[in-house]
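Asks: what follows is a predicted protein model with its sequence.
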Amino acid sequence: MLDFSALEPPTLHSLPSSVEPHLFAAPSFQLPAVADLDGFQKAAVQMVKPAKGTTTLAFVFKHGVIVAADSRASMGNYISSQSVKKILEINPYLLGTMAGGAADCQFWQRNLGTRCRLHELANKRRISVTGASKLLANTLYSYRGMGLSMGTMIAGWDETGPGLYYVDSEGGRVKGTRFSVGSGSTYAYGVLDTGFNWDMSIDEAVELARRAIYHATFRDGASGGVVSVYYVGPAGWKKMSGDDVGELHYSYYPVQEAPAEAEMGEA
Amino acid sequence: MARYDRAITVFSPDGHLFQVEYALEAVRKGNAAVGVRGTDTIVLGVEKKSTAKLQDARTVRKILKLDEHVSLAFAGLTADARVLVNRARIECQSHRLTVEDPVTVEYITRFIAGLQQKYTQSGGVRPFGISTLIVGFDPYTGVPSLYQTDPSGTFSAWKANATGRNSNSVREFLEKNYTETSGTETVKLAVRALLEVVESGGKNIEIAVMTKNEGLRLLDEAEVEEIVAGIEAEKAAAEAAKKGPPRDQ
């Protein structure tokens, strides 16, 4: 049989199957026999899709990219973990953040790491941040409507300099210089936007990111635990700090010595 | 031997794939093609068979664009080349779509060679009867490259190469005369190499020049005539100089 697949019009729903088809094949399954398929599908997605209870942020500045995140996992009102790794190390020069379904983020970013490595081996050069984010976005688009929940930022440093993309499970992909994702993102944006300066030093940028995440954890119930801050530069990424937000609170707002109340004196 | 040369997928006892070798024969019968890589210019040249009077010469093209920054020349079966080039053009755009980057010359060469190899290991098909010369600039670093593929699916990078009719003589010439050139010097080298095996004249050769900024440009007949005339003049001057000034008594 002649292989005419290359002549078929390329569809976004299909993935390259020339390498390891079982790794990259888009799924298919039978549709459930329900009267109202749309309603059923909506209900199913709502059930599966956890609220993106988290705060992550990333921004580009003069010296590179800063990526920061909290570490709380919540299942409704229950805090299931305070020590979740939400910044995923795809390879020594690419980072991804986790917001939404933890399993979805972990699995697909690890899959992305595999594909980035295969790209390196085949082409004898590292994949660009543009290319890596596009691979992930294409994968997520082919699962559109099937209940994946991911709001992830891909940050890295390549031949063209620092790169930052926001990719989500709706199949969207946006290039930018400042993003915050998750239920605590609005609080983080407040601190980040007021304190941002393109010419900051690396330490200043790290401190800004730390403070932004801290403030989000202070106000948002679904964010907390430990603030991790990473810096991505020409030599790759480096973890700069990991601080418990409870302790950070007291370093930002030390306990004031309360004026000694009048002691109950002897009558 | 006759029993092992029908089906492509059958090895002969002494390790030959005869169909592939016969495909190389078809290439050897094709019109000569030459490629030369300079520091900032890459030149492709092909032997142009004299076109019939009623034929529209513009529709007989042997130097083809794969993308803005990659081009291909071939020797062998023209129809096979057309099919392969169409697939390669689709792959160039598909690559741009999936990774938002133009292909590197090495990538598209690997793709074309992979395709040629697939047709040496499938049932019911025959190999493509062409060898290609693929040239282009790296989209980021701007480094020029020249690659060659053949019907067996092997590929390698070259500073200068030839394929098709009399390719050995052309390659020998290039080996003797190749130096790092740039601009018009690269064009001249390619034309000189082609003129080793092609009848002189702008009517019989087609030259395409590729630069990083302007992409592929097909030289028109007048320009080629000029370059050929220039080369003839140089040759004549060199001959005269060799003979030396008439010896005095």
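Replies: Nice, I can see it.
Asks: contacts, neighbours, all on C-alpha from now
Replies: OK.
Asks: skip the chain neighbours and tell me the closest residue to the residue in chain B that chain A sits nearest to.
Replies: Chain B approaches chain A most closely through B:V99 (4.1 Å), counting by CA to the nearest CA. In space, and not counting its chain neighbours, B:V99 is closest to A:G131: 4.1 Å by CA to CA, 6 or more residues apart in numbering or on different chains.
Asks: assumed that neighbour was part of a helix.
Replies: Yes - A:G131 sits within a helix when classified using DSSP: H, G, I helix; E, B strand; the rest coil.
Asks: that one: what's it in contact with?
Replies: Going by CA atoms under 8 Å, 6 or more residues apart in numbering or on different chains, A:G131 touches B:98-101.
Asks: take the residues you listed and lay them out in JSON lines including pLDDT.
Replies: Formatted as JSON lines, the contacts of A:G131 follow (pLDDT from 0 to 100):
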{"residue": "B:T98", "pLDDT": "87"}
{"residue": "B:V99", "pLDDT": "86"}
{"residue": "B:E100", "pLDDT": "88"}
{"residue": "B:D101", "pLDDT": "89"}
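Asks: find the residue closest to the residue nearest in space to the middle of chain A in space, skipping its chain neighbours.
Replies: Taking CA atoms, centre = their mean, the centroid of chain A lies closest to A:T97, which sits 2.3 Å from it. Nearest non-adjacent residue to A:T97, counting by CA to CA, 6+ apart: A:I87, 4.6 Å away.
Asks: pretty sure that neighbour sits against A:G96.
Replies: Yes - counting by CA atoms under 8 Å, A:I87 touches A:G96, with 5.8 Å between them.
Asks: let me know the helix or strand that A:A103 is in.
Replies: For A:A103, the enclosing helix or strand under DSSP states H and E is helix A:102-123.
Asks: before we move on, what about A:T186?
Replies: Going by DSSP H and E, A:T186 is part of helix A:185-195.
Asks: contact partners of the helix or strand that that helix is followed by?
Replies: Remark: after helix A:185-195, the chain's next helix or strand is helix A:202-219, criterion DSSP H and E. Contact with helix A:202-219 is made by A:55-57, A:63, A:66-70, A:184-192, A:195-196, A:223-224, A:227-231, A:240, A:245, A:248-249, as judged by CA under 8 Å, 6+ apart.
Asks: next one: stretch B:109-121
Replies: In contact with stretch B:109-121 (CA under 8 Å, 6+ apart) are residues B:8-9, B:20, B:84, B:88, B:125-128, B:134, B:147-155.
Asks: filter the residues you listed down to the buried ones.
Replies: The neighbour count (16 or more other CA atoms under 10 Å in any protein chain shown) marks B:8-9, B:20, B:84, B:88, B:126-128, B:134, B:147-155 as buried among the contacts of stretch B:109-121.
Asks: report all helices and strands that the helix holding A:A103 contacts.
Replies: Counting contacts by 3 or more CA pairs under 8 Å, 6 or more residues apart in numbering or on different chains; DSSP states H and E, helix A:102-123 packs against strand A:87-91, helix A:129-142.
Asks: now it: average pLDDT?
Replies: Across helix A:102-123, the average pLDDT comes to 90.
Asks: related to what we said a few turns ago, out of the helices and strands packed on helix A:102-123, which is the most enclosed?
Replies: Greatest average neighbour count among these goes to helix A:129-142 (a mean of 23), per mean count of other CA atoms under 10 Å in any protein chain shown.
Asks: from the contact counts, what lies against the helix-or-strand element of chain B with minimal mean pLDDT?
Replies: Using mean pLDDT, DSSP states H and E, the weakest-scoring helix or strand in chain B turns out to be helix B:221-243, at a mean of 89. If contacts are counted by 3+ CA pairs under 8 Å, 6+ apart, helix B:221-243 sits against helix B:184-195, strand B:205-211.
Asks: which pLDDT does the model give the residue nearest to the centre of chain A?
Replies: 93.
Asks: low-confidence regions, the chain specifically.
Replies: All of this is about chain A. Applying pLDDT under 70 to chain A flags residues A:1-29, A:45-52, A:262-267.
Asks: not quite, I wanted chain B
Replies: Per-residue confidence for chain B (pLDDT under 70) gives these ranges: B:1-8, B:200-201, B:244-249.
Asks: so which bits of it are right by chain A?
Replies: Within chain B, the residues that sit near chain A (CA under 8 Å from any CA of the partner chain) are B:87, B:90-91, B:94, B:98-101, B:106-107, B:123-125.
Asks: rerun at 10 Å
Replies: Contact residues, chain B versus chain A (CA under 10 Å from any CA of the partner chain): B:86-88, B:90-91, B:93-101, B:104, B:106-107, B:110, B:115, B:118-119, B:122-125, B:140-141.
Asks: ChimeraX command for the buried members of the contacts of helix A:202-219?
Replies: Here is the ChimeraX command that selects only those of these that count as buried (16+ other CA under 10 Å):
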select /A:55,56,57,63,66,67,68,69,70,184,185,186,187,188,189,191,192,196,223,224,227,228,229,230,231,240,245,248,249
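Asks: just the contacts of helix A:202-219 that are near chain B?
Replies: Here nothing survives when the contacts of helix A:202-219 are matched to chain B using CA under 10 Å from any CA.
Asks: thinking again about what came up before, which residues touch the least confident helix or strand of chain B?
Replies: Helix B:221-243 is contacted from outside by B:184, B:187-189, B:191-192, B:195, B:200-208, B:218-219, B:244, using CA atoms under 10 Å, 6 or more residues apart in numbering or on different chains.
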